[in-house]
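Enquirer: Predicted model and sequence follow; I will ask about them next.
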There are 2 protein chains.
Amino acid sequence: MNTKPEVKSPPTALPEGYVLEDQVGHLIRRAHQRHTALFLAMIGDAQVTTTQYAALVKLYEMGELSQNHLGRLTAMDPATIQGVIRRLTARKLISHRPDKNDKRRRCLSLTPAGRELVARLVANGPKVTQATLDPLSPDEQRQFLALLKRLT
Amino acid sequence: MNTKPEVKSPPTALPEGYVLEDQVGHLIRRAHQRHTALFLAMIGDAQVTTTQYAALVKLYEMGELSQNHLGRLTAMDPATIQGVIRRLTARKLISHRPDKNDKRRRCLSLTPAGRELVARLVANGPKVTQATLDPLSPDEQRQFLALLKRLT
DNA sequence: GCAGCATTGTTTGCGTACAAACGATGTGTT
DNA sequence: AACACATCGTTTGTACGCAAACAATGCTGC
């Protein structure tokens, strides 16, 4: 028993009522962790991450897109979307061809396998959303989503 | 003639009302991105990330902690907290000594420089929180935090 | 035409985030 | 004591996330 029972108050106290666990940033981070875990557990056997899923769904929805444009639509910067697309291309879920009018661009689109995968995974999308929001009542879920949407 | 001008509707439509941008996961991810950006811009000149800040504040508050224990208190798994502590130790903000009773443990604590830094940064903590929640009214902020807290 | 500026995509470097496997140590059971 | 099992911290490998710098290409104004 060498640990002193009272290590409680630091030399300088934290600001009144400042509790790390109650800070928005910390709560958002933990909610994000929880959602990611639920997603990976529920989305299906395919090894697809949340960001990969977002890219695939957006391509499914929009058809052909340039890489940076897709990144903007899914909130990924150019360096990040580059890696995501590289991995999905390596798995033959995405194909690309040069743009006719703009030699800088890569026109991205889903392969048949990619379309098939999205069609299969998207059925589980709402289930993941529901599981994430499960601790809240339907009314609270609507409130939460409305407020969260304004914080972006 | 196989070039179809209309790439609009995918071979199989997405589920009714399924909009990627409205999914909780996507919204939480973007809120997290926004908060991180605000934090880095507002927390001060010190090059400290959100997770490093969490570790430092928790050590300030609790005194001496083992590495994994600190990880649990800040929602980081052993592999993640290891990297965080390694970097903070390299910057001489954290020191460690072996535990007398348990040879597996590293007893972590803040150095004087670490305590000084926390005391300085923590003053900006509430400002970051406020900036993050700024789009909401005070009432909405309370609602949002109460709901968010239940999603963890 | 062309000079300046913007955009596209790439690379490097750093920092989370987590799964999986590992060696060392602690603990509880028999 | 010996065994099984849990916990502590580490390492490796993969995947975001972003800053910064870069070359290639496009665009706009003069």
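Expert: That came in fine, so what should we check first? Numbers count the residues shown, from 1 in each chain, chains lettered A, B, ... in the order given.

Enquirer: Quick check: residue A:95 is in a strand.
Expert: Yes: using DSSP: H, G, I helix; E, B strand; the rest coil, the secondary structure at residue A:95 is a strand.

Enquirer: Residue A:31 is in contact with residue B:152, isn't it?
Expert: Yes: under the criterion of Cβ atoms under 8 Å, residue A:31 makes contact with residue B:152 at 5.9 Å. Where you see a C-beta, it was placed from the backbone N, CA and C, and this is true even at glycine.

Enquirer: the more surrounded of these two?
Expert: A direct count of neighbours by other Cβ atoms under 10 Å in any protein chain shown for residue A:31 and residue B:152 places residue A:31 higher, at 23 against 16.

Enquirer: Now for the more buried one: which residues touch it?
Expert: If a contact means Cβ atoms under 8 Å, 6 or more residues apart in numbering or on different chains, then residue A:31 has B:28, B:148, B:151-152 as its contacts.

Enquirer: ok, how many other residues are close to the nearest residue to residue A:18 once chain neighbours are set aside?
Expert: Excluding the flanking residues, the one nearest residue A:18 by Cβ to Cβ, 6 or more residues apart in numbering or on different chains is residue B:125, at 6.1 Å. Close neighbours of residue B:125, defined as other Cβ under 10 Å, add up to 21.

Enquirer: Please tell me how far residue B:125 sits from DNA strand D.
Expert: Distance from residue B:125 to DNA strand D, counting by Cβ to the nearest atom of the strand, to the nearest Å: 20 Å.

Enquirer: Now that residue. Its backbone dihedrals?
Expert: phi -50, psi -60 (degrees, to the nearest 10).

Enquirer: tell me which parts of chain A are close to DNA strand D?
Expert: Counting by Cβ under 7 Å from any atom of the strand, the positions of chain A adjacent to DNA strand D are A:47, A:49-52, A:75-80, A:83-84, A:87, A:101-104.

Enquirer: of those residues, list those near DNA strand C.
Expert: When contact is defined as Cβ under 7 Å from any atom of the strand, the residues of chain A next to DNA strand D meet DNA strand C at A:78-79, A:102, A:104.

Enquirer: just those residues now: which is nearest residue B:118?
Expert: The shortest approach to residue B:118 among these belongs to residue A:79, at 31.5 Å (Cβ to Cβ).

Enquirer: In a helix, that closest one, correct?
Expert: Yes: according to three-state DSSP, residue A:79 belongs to a helix.

Enquirer: Tell me how many other residues crowd residue A:119.
Expert: For residue A:119, the count of nearby residues is 15 (other Cβ under 10 Å).

Enquirer: ok, it to DNA strand D distance?
Expert: 20 Å.

Enquirer: and the strand or helix carrying residue A:107, does that touch DNA strand C?
Expert: Per DSSP states H and E: residue A:107 is located in strand A:106-110. Yes: part of strand A:106-110 sits near DNA strand C under the criterion Cβ under 7 Å from any atom of the strand, namely residue A:106.

Enquirer: All set now, cheers.
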